[in-house]
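Novice: Sequence first, predicted coordinates after that:
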Amino acid sequence: MLQFRQIQAFHSIMDIGTVTGAARRLGISQPGVSNLIASLEHTLGFTLFNRINGRLTPTPEAYRLAESTEPAINGFDRVIEQATAIRALDRGRLEIAALPELSMQFLPNVVRDFLQEKPDINISFQTRSSVKVQELVSNHMIEIGVAEGPIEHENLVAEMFSYECFFVLPANHRLAHKTLISPRDLHGEPLITLGSAHMTYHRLREIFSARDCVWNDRCQARLFHSALAFAQRQLGSALVDPFTIDSQPMENIRVVRFDPPVAYDIAVIWPRDKPVSILGKAFIDCLLAQMELARQNFMDPGFLAKSC
């Protein structure tokens, strides 16, 4: 049976013209090359080289065979090149889906940093609802997702992060001078919430209820970005996630901490029942590190000063 190493030795001799050159290219000894050629001739049943004056001279059969080995060798070289690029994370495709809050600035920045000096990597990036992100990753239509908790699919691996939310107040609000507000401060005040389907709605309302404060959700929005825009237009005060605060202009607005804190849970997810690519694993590691770094930055007192 033909072996590819035999074909490599034959092709190298035909290309370079000497056993010495072929041995150098293949990284083996000259006797090793000679043995490969002898075994190839034995397998084929005809002579490929005649030794004349101490040199190997190709036979007519060798020239005919060389016409077929060129495409095979080139194809194999492309396989090696591709495998090397994959191992070096220089080639491949990233498929990501994420909720809107992180799609505006945070994730594009992470992707930009990850893809620097990787011109041959392609990316598919989708902004979807958290429910849809979980569905896409669970069904193997997307490799990596970023979604709000809770994670509903059993076949998903999830790395969960919790972030403190902040209240945004119109700049002329009576509480705008404060750095920390409580449910009592907002007793009966018009609020802008994300509606009863969202985790922050229930957590905030439970806090108001536990302290016997009047709940007045004047506006309900689907996105933190919309809630922020309503607050800027003086329709009320809104509890907003830090990613939105970090990515949006803070004109006509004041950002303050809320006591007790309200957590916003976000997960990086990938399939449990399908292997993640080498490129995907590298991006997940990068993303997890940036998610943790963001969490620490948002806890820094300087974050609010920068946002106001």
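Specialist: Nice, I can see it. Numbers count the residues shown, from 1 in each chain.
Novice: what about V255, neighbour count?
Specialist: The local packing count at V255 equals 22, with neighbours defined by other C-beta atoms under 10 Å. From N, CA and C alone the C-beta is placed, and that goes for glycine too.
Novice: which SS state does it fall under?
Specialist: Assigned by DSSP: H, G, I helix; E, B strand; the rest coil, the conformation of V255 is strand.
Novice: roughly how far apart are S103 and R128?
Specialist: Spatial separation of S103 from R128 under the definition C-beta to C-beta, to the nearest Å is 9 Å.
Novice: Quick check: pLDDT value at the residue of the chain positioned farthest from its centre.
Specialist: Checked against the mean C-alpha position of the chain, the extreme residue using C-alpha atoms, centre = their mean is N53, at a distance of 61.5 Å. What the model reports as pLDDT for N53 is 75.
Novice: ditto for R91
Specialist: 59.
Novice: Repeat that for R87.
Specialist: Here the pLDDT value assigned to R87 is 58.
Novice: With V33 instead?
Specialist: 89.
Novice: and if you look at the one 4 residues further on?
Specialist: Per-residue confidence (pLDDT) for I37: 88.
Novice: ok, it - contacts?
Specialist: I37 sits next to 6, 9-10, 13, 48-49, 56 when contact means C-beta atoms under 8 Å, 6 or more residues apart in numbering.
Novice: Out of those, name the ones that lie in helices.
Specialist: Judged by DSSP state H, helices contain the following of the contacts of I37: 6, 9-10, 13.
Novice: Throw those residues into TSV and include distance to T43, thanks.
Specialist: Rendered in TSV, the data for the ones in helices among the contacts of I37 read as follows (distance: C-beta to C-beta, whole Å):
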residue	distance to T43
Q6	7
A9	12
F10	11
I13	16
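Novice: Would you format those residues as a markdown table with pLDDT and distance to A227 included?
Specialist: Formatted as a markdown table, these follow (pLDDT from 0 to 100; distance: C-beta to C-beta, whole Å):
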| residue | pLDDT | distance to A227 |
| --- | --- | --- |
| Q6 | 85 | 70 |
| A9 | 85 | 70 |
| F10 | 84 | 71 |
| I13 | 87 | 73 |
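Novice: Show me which of these are buried.
Specialist: With burial judged by 16 or more other C-beta atoms under 10 Å, the buried subset of the ones in helices among the contacts of I37 is 6, 9-10, 13.
Novice: Can you classify I151 as helix, strand or coil?
Specialist: With three-state DSSP as the basis, I151 sits in coil.
Novice: Test my guess that it contacts A158.
Specialist: Yes: taking C-beta atoms under 8 Å as the definition, I151 is a contact partner of A158 at 4.5 Å.
Novice: anything in contact with each of these two?
Specialist: Contact criterion C-beta under 8 Å, 6+ apart; residues shared by I151 and A158: 267, 269.
Novice: and stretch 217-232, how far apart are its ends?
Specialist: Across its full length, stretch 217-232 reaches 16 Å between end residues, using C-alpha to C-alpha, to the nearest Å.
Novice: Give the rounded mean pLDDT of that stretch.
Specialist: For stretch 217-232, the per-residue pLDDT values average out at 93.
Novice: Buried ones in it, by neighbour count?
Specialist: With burial defined by 16+ other C-beta under 10 Å, the residues of stretch 217-232 counted as buried are 217, 219-221, 223-232.
Novice: Point out where the stretch 51-200 of the chain drops to low pLDDT.
Specialist: Scanning the stretch 51-200 of the chain for pLDDT under 70 picks out the ranges 54, 76-91.
Novice: L44: neighbouring residues, count only.
Specialist: 14.
Novice: what's it in contact with, if anything?
Specialist: Taking C-beta under 8 Å, 6+ apart as the criterion, L44 is in contact with L65.
Novice: Could you check how far the spatially closest residue to S124 that is not a sequence neighbour is from F46?
Specialist: Distances taken as C-beta to C-beta, 6 or more residues apart in numbering put E95 closest to S124, at 4.6 Å, once the chain neighbours are dropped. Relative to F46, E95 is positioned 51 Å away (criterion: C-beta to C-beta).
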